[in-house]
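1. Sequence and predicted structure below; questions after.
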Amino acid sequence: MGIDSAIYFLLLAVVAVLHALLPGRRRVFLLLGASLAFYAATSLPYLLLMAVLGMTNYFAARHLSSDSNPKSRQWVFAGAVLVNLCILAAFKYLRGQLGHLLAGFDHGALDSDGVAHLAAPLGISYFVFAMIGCITDAYRQTWRLQGGIANFLLFGLFFPQISSGPIPRADRLLPQLITSATPTAEDRIAGLRMIAYGLFKKYVVANRLNEYVNLVFASPGEATPSQAAVACAFNFIQLYADFSGYVDIAIGSARLLGIHLDPNFDRPFKSTSVTELWRRWHMTLSFWLRDYVYMPMLIRIRTLGKFGVALALVVTFALCGLWHGAAWTYILFGVSQGIAMSMEFLSKSWRSKAFRGIPPAIVAMAGNIYTIVFFAVTEVIFRSSDLAQAGTMYRALFHWNLTTLLAYPPLDHYFLALDLFALFCWWVVRRWFVATSTKTYWTPWFTMACAGLILFFGHLGAAHFIYATF
Amino acid sequence: MPPFKTLGWKNWIIAFLILAGLGIGIDAVFTRYIVLRGPNSPSGRIAHLLELNPNEIPVFGTSRVRSMDLGTNGFNYAQDAASFALTDVFLQIELAKKKTTPIVVEFQFSDSGTLGDEAYLIPFAGDPRIRSVLSQFHKMSWRYFVPGLRYFGYYDWMLQDYLNERRSFYRVTRGSIEYLRSPPFNQARFNQIVRQRLDADNGFLIDDSLTGRLIDEIKTHPQRLFILVATPVHRSCFHNFQNEDHLKSIEARLEAMPNVELIDWSRLPYPDTAFADTVHLRPAETADLSQKFRIKVSQILQQRNLPPLITPEVTPGVARAN
């Protein structure tokens, strides 16, 4: 069940109505029941796995929140983190091997070529990161477990966010789940607006651009530099529209139930450096990595000074790449981000001296262009199925000469025109979305306008959200 | 009054009613002027099939030859890249009519395994035969019954098809032949396509149940002459041909039936340069083959004392495409 499916919205509508009718204390059971049903619709065995993992983490968090013996706390913390990481590694990175192991019990799991196909549990990486986050906070004593096991399981499996985040933080989400406050009219209006806007981004922008990007990435050897450049730019925009569209639907759904999830994007196209971009892009993952990987690592290697910071950045972002999947493309993408941020950090004082006489607006604009171009170009590795495909794309992208420069760029006039029209619609809808954010009167019209654009101009294209695969 | 004090239900209802009205209105206009724009559009062909058309010679398969190429009493019901399962449904609809005209069916060696573009079946989702084939390919959806919602995700494709016909962006019409615009012949690229074909499974790959159904339909309708046509394919399609004997036995079985004429042109010796890919001829060769096909069908009808194809007036040279 996708977060953009009719069944999901039916479930959400039923839950929203029952949520309004039930008293506060019962709401947690309603939300937990809906979350379990949502997960069970994907896979019942994996629901059991997630429930067991959630309960293990609950007891670990309870122990860490109440026990003062440092030795036992250390053991429980290490054990809980290890269990989480082992489950993540087994189901995300060693799925092939695990599939073969399970096929020993059920030969039907193997295909005719003898390859095991084992799907990853829905949202396993988001769930595990949320669990490790709260276990670490409990161990550091910056957070104490509140509420019962139902609240804790709901925190991990909350149905709008389980498939692709945002990665929740226990200190912000758990209290809301425990309180289960009645949503205000503002919450409901904001929720509906965000869902409509998220669906618009997914169906009108992301799915449409996906056609062009897929066409070029399918045979990069045949692409002209201008086609490769357009595909590169569209890939960046598509990824943003797809993921932020998902997040808007998730945040909007939660707001309908009176729950405020953490934002995951903050106008990343305005960034003036790669460092700033990662503070605005997939924020819950960036901040998670900062708090639970980068900072502890930096403390350990602080004696290395500036180079320690650079090293910590590269390692953290290599892990960020690895989080997306066990492929060299992801790792290389992560390393490229880490190197860029390290370079920005190491050259900070030099740059402030060099750009002293230049108006700040020009420096910011140059920084913005550099950031967008860098990210769009490195996203090619992220999108490619392997390094060879990425290499072919780069060869196409940088093979500029007079002949290739004049090569006719559009692959398909009609769809390129529709892509550009979709981007224009997005610009208009975005302005309307911001302008009417506090005006009740306009909300129905905005929502219906989005629905109309989706209905008549939406593209089915990519069936799933890109980040649902991570 | 502070913002967000209420949801403003009145506005929501009015906005929804406007959207619903707009949706139904656009659906009606789109169906009439874009989807069913004429008997040559993919949906228009199905609408035409549901009518009796007593003197018509129907053509079923995936061929893109325009109806008029067969003669003014010929009509091509072919759908691009459609499985024989869909052709079979079309045949059932045709055979349910009280008619005696011949039927032309493309005799393919392999099945696409898809419905082609299912969007063109949407206006007919209410017909149980069309609904069953949509369900068989897991393409049936509840929204196909909701005006305003049924074309969601298909508007752009259908509009593109409409524009193509009007402005020839992709499809080119020369004389009576319609074909996809294709780049100039490139031997290196063609060799690559041939290599893929050589690596693929070649043979008579139509499911026995589908062939059996066709034979049953032929048997149960002796009053109709079935002209089965295997169109030319590249010689690489016969490389490591898995079941030559099976194909021969089916062809022999079909030829032995009194109401069947089998035209097997699959091995006509065309050079590489005649092919767009291993299973489609390039436009000029398609045009020539279509003319040849019309002559062949005319001869068959004459031999069997059946009403002839009514030949359209062809302007000399128009049908020859580059």
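-> Perfect, I can see it now.
2. gap between the nearest residue to B:Q223 once chain neighbours are set aside and chain A?
-> Spatially, and ignoring its direct neighbours in sequence, B:Q223 is nearest to B:T100 (5.1 Å; C-beta to C-beta, 6 or more residues apart in numbering or on different chains). Any C-beta I mention is one placed from the backbone N, CA and C, and that applies to glycine too. Going from B:T100 to chain A by C-beta to the nearest C-beta, to the nearest Å gives 43 Å.
3. tell me the SS of B:T100?
-> Per DSSP: H, G, I helix; E, B strand; the rest coil, the local secondary structure of B:T100 is coil.
4. OK, now which residue of the stretch 101-250 of chain A is nearest to chain B?
-> In the stretch 101-250 of chain A, the residue that lies nearest chain B is A:E186 (3.7 Å; C-beta to the nearest C-beta).
5. Wasn't that residue part of a helix?
-> Yes - judged by three-state DSSP, A:E186 forms part of a helix.
6. close to chain B, is the helix or strand hosting A:F234?
-> Assigned by DSSP states H and E, A:F234 belongs to helix A:225-256. No - Helix A:225-256 lies out of reach of chain B by C-beta under 8 Å from any C-beta of the partner chain, never closer than 11.3 Å.
7. what mean pLDDT would you report for that helix?
-> Helix A:225-256 comes out with an average pLDDT of 92.
8. Could I get the full set of strands for chain B?
-> Taking DSSP state E, the strands of chain B run over residues B:57-60, B:74-76, B:103-106, B:171-174, B:177-180, B:226-230, B:260-264, B:275-277, B:280-281.
9. Deepest in the core, which of those strands is it.
-> strand B:57-60 (a mean of 25; mean count of other C-beta atoms under 10 Å in any protein chain shown).
10. Adjacent strands (with direction) for that strand?
-> Sheet pairing of strand B:57-60 (DSSP bridges) gives strand B:74-76 (parallel), strand B:103-106 (parallel).
11. Could you tell me how far the shortest one lies from the centre of the chain?
-> Taking the mean of its C-alpha atoms, strand B:74-76 sits 11 Å from the chain's own mean (C-alpha atoms, centre = their mean, to the nearest Å).
12. pLDDT on it, on average?
-> What strand B:74-76 shows for mean pLDDT is 82.
13. go on, the last one?
-> Model confidence over strand B:103-106 averages 90 on the pLDDT scale.
14. Please save the CA atoms from it in CSV.
-> Extracted C-alpha coordinates of strand B:103-106, given in CSV (Å, rounded to 0.1, in the frame of the first residue of the first chain):
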residue,chain,number,x,y,z
ILE,B,103,-11.6,-12.0,-41.8
VAL,B,104,-7.9,-11.2,-42.0
VAL,B,105,-5.9,-12.1,-38.9
GLU,B,106,-2.2,-11.5,-38.4
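15. need the contact list for residue 228.
-> Picking chain A for this. Contact analysis of A:A228 by C-beta atoms under 8 Å, 6 or more residues apart in numbering or on different chains lists A:V216, A:P220, A:M393, A:A396, A:L397.
16. wrong chain, I was asking about chain B
-> Contacts for B:L228 (C-beta under 8 Å, 6+ apart) come out as B:V104, B:V105, B:E106, B:F107, B:L254, B:V260, B:E261, B:L262, B:I263.
17. same check, this time on A:D187
-> For A:D187, the contact set (C-beta under 8 Å, 6+ apart) comprises A:R255, A:L256, A:G258.
18. what's the burial count for the second one?
-> Pointing back at A:L256 there. For A:L256, the tally of surrounding residues (other C-beta atoms under 10 Å in any protein chain shown) stands at 23.
19. per-residue confidence for the nearest residue to it once chain neighbours are set aside?
-> Spatial nearest neighbour of A:L256, excluding adjacent residues (C-beta to C-beta, 6+ apart): A:G191 at 3.7 Å. On pLDDT, A:G191 comes in at 92.
20. swap in the one 10 residues further on?
-> A:K201 carries a pLDDT value of 94.
21. same check, this time on A:H413
-> pLDDT, read off for A:H413, is 74.
22. Could you check how far it is from chain B?
-> Distance of A:H413 to chain B, computed by C-beta to the nearest C-beta: 7 Å.
23. Which residue ranges of the stretch 201-350 of chain A form helices?
-> A:207-218, A:225-256, A:274-280, A:283-289, A:295-300, A:306-324, A:328-346, A:348-354 (DSSP state H, counting those that start in this stretch).
24. Could you do the stretch 51-200 of chain B as well?
-> Going by DSSP H, counting those that start in this stretch, the stretch 51-200 of chain B shows helices at B:84-95, B:128-136, B:155-167, B:187-199.
25. mind putting these in JSON lines, distance to chain A included?
-> Shown next, in JSON lines, are the helices of the stretch 51-200 of chain B (distance: least, C-beta to the nearest C-beta, whole Å):
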{"stretch": "helix B:84-95", "distance to chain A": "20"}
{"stretch": "helix B:128-136", "distance to chain A": "16"}
{"stretch": "helix B:155-167", "distance to chain A": "5"}
{"stretch": "helix B:187-199", "distance to chain A": "9"}
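26. For A:S342, find the nearest of these.
-> Ranking the helices of the stretch 51-200 of chain B by proximity to A:S342 (C-beta to C-beta) places helix B:187-199 first, at 43.0 Å.
27. tell me which residues in the closest one are buried?
-> B:F190, B:I193, B:V194, B:R197 (16 or more other C-beta atoms under 10 Å in any protein chain shown).
28. How about stretch A:307-326?
-> A:308-321, A:323-324.
29. okay, now the closest residue in space to B:L19 that isn't next to it in sequence: neighbour count?
-> Distances taken as C-beta to C-beta, 6+ apart place A:M448 nearest to B:L19, at 4.6 Å, with adjacent residues excluded. Number of residues near A:M448 (other C-beta under 10 Å) recorded here: 22.
30. list the contacts for B:F30?
-> By C-beta under 8 Å, 6+ apart, B:F30 lies in contact with B:Y151, B:Y155, B:M158.
31. What count of nearby residues applies to the residue in the stretch 51-200 of chain B positioned nearest to chain A?
-> Here the stretch 51-200 of chain B gets closest to chain A at one residue, B:G153, 3.6 Å apart by C-beta to the nearest C-beta. Number of residues near B:G153 (other C-beta under 10 Å) recorded here: 17.
32. Surely it touches A:G458?
-> Yes - B:G153 is in contact with A:G458 according to C-beta atoms under 8 Å; the separation is 6.0 Å.
33. Common neighbours of these two, please.
-> Jointly contacting B:G153 and A:G458 under the rule C-beta under 8 Å, 6+ apart are A:Y203.
34. In terms of pLDDT, where does residue 267 sit?
-> With no chain named, the answer covers chain A. Each residue has a pLDDT score; the one for A:R267 is 92.
35. wrong one, I was asking about chain B
-> According to the prediction, B:R267 has pLDDT 89.
36. Quick check: phi and psi on it?
-> phi -110, psi 20 (degrees, to the nearest 10).
37. In contact with it, which residues are there?
-> When contacts are counted by C-beta under 8 Å, 6+ apart, B:R267 touches B:P232, B:R235, B:F238.
38. Against B:S249, how distant is it?
-> Distance, B:R267 to B:S249, by C-beta to C-beta, to the nearest Å: 17 Å.
39. before we move on, what about A:P263?
-> Applying C-beta to C-beta, the value for A:P263 to B:S249 is 68 Å.
40. Repeat that for B:S298.
-> 30 Å.
41. And these two? Which one has more around it.
-> Neighbours per residue (other C-beta under 10 Å) separate B:S298 from B:S249, with B:S298 holding more: 15 against 12.
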